[in-house]
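> 3D model of this:
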Amino acid sequence: MKAIWNKVDRAIFTTLKMIVLLCLVLLFVILVFNVFFRFIPVLSVFSNFSMGWFDEIVELLFAWMVFSAASLLTRMNQHFRVDLIQMKLGECKWCSILELFIDVVSALFLLIFIFYSWQLTTEAVQTSPVLRLQKRWFYLCMPFNFSIMLLYTVRNLAKHLQSLTKYVYSSPN
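Here you go, the predicted structure:
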């Protein structure tokens, strides 16, 4: 089972890294392209050329990049959080209980967010003004990435449950 999970984890990790990297590179190229042609109107000789699509593509790429990067951070347990209490408690039973509580609350939040973001995605009927892309593609990054975050949160929950059992079955010191 662990070997299957490792393969799935590696595939998700690679896919998310590629999405983030692709979005970042495309954003950079499009932004440079836009700045260059805004100040040096080379393409103004073409009357049909317009940069109206620029904002729509940037919005789409930025949303996918941010939410996919958040999934990567969740996988690596590097999402921002206040860990003062865990640092003060150190390695003890109460720290494991606190970690378990944080994971349960995070999982509940993610379940709620998946539900409402999926609802938003499926009910979206708007299209972007210039490219006529359905807004569903813009919103799909939320349920997709929050589902991945939930998967990693459940993995962390299992790890914290396992670490808590070592305190339950150890000596009462």
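> helices or strands up against the lowest-mean-pLDDT helix or strand in the chain?
The weakest-scoring helix or strand in the chain, judged by mean pLDDT, DSSP states H and E, is helix 84-89 (a mean of 74). Under the contact criterion of 3 or more Cβ pairs under 8 Å, 6 or more residues apart in numbering; DSSP states H and E, helix 84-89 touches helix 93-123. Where you see a C-beta, it was placed from the backbone N, CA and C, and this is true even at glycine.
> Tell me the first helix or strand C-terminal of the helix it packs on.
Next along the chain after helix 93-123, taking DSSP states H and E as the criterion, comes helix 136-139.
> so how far is that next one from its chain's centroid?
Between the centre of helix 136-139 and the centre of its chain there are 14 Å (Cα atoms, centre = their mean, to the nearest Å).
> Return the set of buried residues in it.
Buried residues in helix 136-139, counted by 16 or more other Cβ atoms under 10 Å: Phe138, Tyr139.
> Offset the numbering so it begins at 440, please.
Sure, I'll start counting at 440 from here, so that last one is helix 575-578.
> What mean pLDDT does it get?
Averaging pLDDT along helix 575-578 gives 94.
> contacts for that helix?
Glu498, Leu499, Ala502, Ser556, Leu559, Thr560, Thr561, Ala563, Ser567 (Cβ atoms under 8 Å, 6 or more residues apart in numbering).
> With neighbour count, pLDDT and distance to Arg575 as added columns, please give those residues in a markdown table.
Below are the contacts of helix 575-578 laid out as a markdown table (neighbours: other Cβ atoms under 10 Å; pLDDT from 0 to 100; distance: Cβ to Cβ, whole Å):
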| residue | neighbour count | pLDDT | distance to Arg575 |
| --- | --- | --- | --- |
| Glu498 | 14 | 93 | 14 |
| Leu499 | 20 | 94 | 11 |
| Ala502 | 18 | 96 | 12 |
| Ser556 | 21 | 97 | 11 |
| Leu559 | 15 | 96 | 9 |
| Thr560 | 19 | 96 | 5 |
| Thr561 | 12 | 96 | 7 |
| Ala563 | 15 | 92 | 5 |
| Ser567 | 17 | 88 | 11 |
